[in-house]
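Engineer: Quick one, what's the 3D model for this:
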Amino acid sequence: MTGAGVPGAGVPGPGVTGPGGPEPLRIGNASGFYGDRFDALREMLTGGPLDVLTGDYLAELTMLILGRSRLKDPARGYASTFLRQLEDGLGLAHERGVRIVANAGGLNPAGLADAIRELAGKVGVPVRVAHVEGDNIPVPEGFLTANAYLGGAGIAACLRAGAEVVVTGRVTDAALVTGPAAAHFGWGPEDHDALAGAVVAGHILECGTQATGGNYAFFRDHDIRRPGFPVAEIRADGSSVITKHDGTGGVVDLGTVTAQLLYETGGARYAGPDVTARLDTVRLTQEGPDRVAVSGVRGEAPPPTLKAGLTRLGGWRNEVVFVLTGLDIEAKAALVRDQFADAFARAGRRPRDVRWELARTDRADAGTEETASALLRLVVRDPEQEPVGRALSGAAIELALGSYPGFHVTAPPGKGAPYGVFEARYVSAEDVAHIAVLPDGTRQPVKAPARTQPLRDVEQPSLPMPLEPGPTRRAPLGRVAGARSGDKGGDANVGVWVRGEDAWRWLAHELTVDRFRELLPEADGLTVVRHVLPNLRALNFTVHGLLGEGVAAQHRFDPQAKALGEWLRARHLEIPVTLLEVPA
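Structural biologist: All right, here's what the predicted structure looks like:
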């Protein structure tokens, strides 16, 4: 039996057997990033039955933030928000027998584990705390942090030893689910299909409410004002049902699950430390209201290397946004650019990187001053602070009475701020010391999988038969297709899917790499790779280099490519009238 309020519910080990085999393991998520909804942990513990509650607090940018925090105080380096959430949630979890697994340890999982024990003593809750470490690898000169992405085996070892709270450093997001599932069902490293199913479930859960209607292309179809957090009911074979607590907001359907499944992935082989999951084998079925079954996932041996994320301070950055109002917007923008070019020349030092972007938010004959205005954004970067600090702010201030009519800016220019750079590298799994530190303090080494398989591309699947020719109408792609986009280092990912077979027959042939570049001119000149996923009626595009040095470097207006998919959906092309006449 599983469920909130059941003493001992969720205790890892072979699943409790019911009439149809082992009971599913209910794993919930209460955080998709550092800064997510604070009361989600309590909501998930009180909202319905759970065996395990996970929290994902780490992202590429987060590691840089924690690195800078640790520079100020070596005892920190973990997500302090999680500790504050436990002040209220630790007793609830203990009462209900819910295990908590989170990667909030960041750069200092041992420190967070000690802080949790101290907190448990203060609030009078006797809990067994364990942590996973070893992801920290030697930091190359000039870098701030260096961490390998570990799998779920260390988490599983901690849970098998009786841990009620497990905190980790840098593990894959899906490891928060594969670890508890492996511990509960007794999976070993060779149970590739089961592990791959758990990886897919973990990937769907990892971003919290993005699986329950948040950031969803067809958001007007549902009430998503306060979506609930997702739950995966994992079965012994690795298949699962994605759902949410009864009575919570949002929705779980084929579209919301497909969108999250495509988020920040690439090809059909989704590699991780535990297993390589074949995304081209995933099958989704609407099992009932707010219940989507995930089945058929095949797994392969993982690659022999682990991804490692390295962060460093890349230099200094500053920006000024000029407001241009009324007539002659283009001429006003040209004047400002010329004046800054002259100011930089007279200063004898031009920032290494100078970017201008004019956003034509203005309207003709506008009824308000704001809607009559456009925004001219200047972003500068340099290895040193001076060229982006005093030199820039001085030039901007000096123009206040001697530039275009109506001169003003959205905020006074500052001194400049440091920006970060994320780099991905690969290290041998054998060279990384994966350690499970059990509740009694025992340090248990976790061996890398004995069997590995180098990652390689799959053969592109056959495309469906093209849609029969017929009349078309020029319309936005988003009338028939959904999209979700995100970042991986300097690369952007855009997943595009449709909800009907005829739409798939059209999309698979229409949205080629060339057409993608045509619709998104920023991708012109960059390497764009298209992956075809027929089971999901989806195409997944990777745009290499679009984001420069990654989110922390603030390379572009949308540094994480979060809205790239929505830009694509807003672009117009010829669409068959038969598709436009039916709901998307």
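
Engineer: Could I get the pLDDT score of residue 514?
Structural biologist: With respect to pLDDT, residue 514 scores 97.

Engineer: which element is it on?
Structural biologist: Element membership of residue 514, judged by DSSP states H and E, is helix 513-519.

Engineer: Tell me which other helices or strands that helix touches.
Structural biologist: Judged by 3 or more Cβ pairs under 8 Å, 6 or more residues apart in numbering; DSSP states H and E, the packing partners of helix 513-519 are strand 528-533. (C-beta placed from N, C-alpha, C; glycine too.)

Engineer: so what strands line up beside whichever helix or strand comes after the strand it packs on?
Structural biologist: Next in sequence after strand 528-533, counting helices and strands by DSSP H and E, comes strand 538-543. Using DSSP bridges, strand 538-543 pairs in its sheet with strand 491-497 (antiparallel), strand 528-533 (antiparallel).

Engineer: Helices of the stretch 301-450 of the chain, residue ranges please.
Structural biologist: Using DSSP state H, counting those that start in this stretch, the helices of the stretch 301-450 of the chain run over 329-347, 390-398.

Engineer: Quickly compare those and say which is most buried.
Structural biologist: A comparison of those by mean neighbour count, using mean count of other Cβ atoms under 10 Å, puts helix 390-398 on top with a mean of 18.

Engineer: which intervals of the chain have sub-threshold pLDDT?
Structural biologist: 1-21, 550-555, 582-584 (pLDDT under 70).

Engineer: Can you find which strand in it contains the most residues?
Structural biologist: strand 305-325 (DSSP state E).

Engineer: quick check: angle from that one to helix 329-347?
Structural biologist: Interaxial angle of strand 305-325 relative to helix 329-347 (axes from the mean of the first three to the mean of the last three Cα atoms, to 10 degrees): 110 degrees.

Engineer: which parts of strand 305-325 are buried?
Structural biologist: In terms of neighbour count (16 or more other Cβ atoms under 10 Å), strand 305-325 has its buried residues at 305-320, 322-325.

Engineer: That one: partners in the sheet, and parallel or antiparallel?
Structural biologist: Using DSSP bridges, strand 305-325 pairs in its sheet with strand 145-148 (antiparallel), strand 373-382 (antiparallel), strand 408-409 (antiparallel), strand 417-428 (antiparallel).

Engineer: Pick the most deeply packed of those.
Structural biologist: strand 145-148 (a mean of 24).

Engineer: If residue 133 is in a bridge, with which residues?
Structural biologist: residue 435.

Engineer: roughly how far apart are it and residue 102?
Structural biologist: To residue 102, residue 133 is 14 Å away according to Cβ to Cβ, to the nearest Å.

Engineer: go on, residue 191?
Structural biologist: Distance, residue 191 to residue 102, by Cβ to Cβ: 24 Å.

Engineer: Between those two, which is the more surrounded one?
Structural biologist: residue 102 (26 against 21; other Cβ atoms under 10 Å).

Engineer: How about the contacts made by the more buried one?
Structural biologist: By Cβ atoms under 8 Å, 6 or more residues apart in numbering, residue 102 lies in contact with 31, 54, 55, 56, 57, 79, 82, 166, 167, 168, 176.

Engineer: same question, residue 509
Structural biologist: Residues near residue 509 by Cβ under 8 Å, 6+ apart: 463, 466, 467.

Engineer: what's the answer for residue 447, then?
Structural biologist: Here residue 447 is in contact with residue 434 (criterion: Cβ under 8 Å, 6+ apart).

Engineer: Next: residue 473.
Structural biologist: Residue 473 is in contact with 574, 575, 577, 580, counting by Cβ under 8 Å, 6+ apart.

Engineer: Show the subsequent helix or strand relative to the helix or strand where it lies.
Structural biologist: Assigning secondary structure by DSSP H and E places residue 473 in strand 472-476. Next in sequence after strand 472-476, counting helices and strands by DSSP H and E, comes strand 482-488.
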